[in-house]
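any chance you can model this:
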Amino acid sequence: MSKPWGTASDLLDKAGVVENHDFYRGFTSADQKAVLTVPQRIQAAWETNDANAFAEVFTDNGSLLMRDHQLTSKEDIRSYMNAGFNGPLKGARVTGWPIEVKFLSENAAMVVTEGGIIMPGQTDIAPENFIRATWIVTRQPDGELNLVSHQSSPIKG
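Below you'll find the model as predicted:
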């Protein structure tokens, strides 16, 4: 039996994020909920437009494909999101929900979500901002969960 991934409430408390119990939907095992704290941390960073909190979810060599931009380090991600949150993404937030959680190994998991960006002044995701995303989450030796890779693709129609 592999080591548990942690307790979602504890992981989110440590990150200073309020747990959204509705986010889990049908993924209710303790390990699934622990892995799903990673998207919740990203959503919380968007809510406050906090590029540092966003980047800290990633490993040092983390990868983020955001629209046409492939970012390949935590510092690239921080810089890109800082520019976005102080520019065209100022006041934007994201929402989403999991549609798949798959454990790839004892310390790696894949999450697939749907959702998107809600731009300032909007109350819902505009059709052009609706996406499906793939998240590769790793468990570090200290028990922290980080993103190695996040890729989003637009869904239209």
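
what helices or strands is the longest strand along the chain leaning on?
If you go by DSSP state E, the chain has its longest strand at strand 93-105. Applying 3 or more C-beta pairs under 8 Å, 6 or more residues apart in numbering; DSSP states H and E, one finds that strand 93-105 makes contact with helix 30-35, helix 37-47, strand 108-118, strand 130-139. From N, CA and C alone the C-beta is placed, and that goes for glycine too.

for the ones you listed, which one sits closest to residue 65?
Among these, strand 130-139 comes nearest to residue 65, with 9.3 Å by C-beta to C-beta.

now for that closest one, which elements pack on it?
Using 3+ C-beta pairs under 8 Å, 6+ apart: strand 130-139 touches helix 37-47, strand 93-105, strand 108-118, strand 145-154.

mind checking the helices and strands packed on strand 93-105 for the one nearest to residue 94?
Residue 94 lies closest to helix 37-47 among the helices and strands packed on strand 93-105, at 4.5 Å (C-beta to C-beta).

how about the contacts made by residue 98?
By C-beta atoms under 8 Å, 6 or more residues apart in numbering, the contact set of residue 98 is 23, 24, 25, 27, 36, 39, 111, 112, 113.
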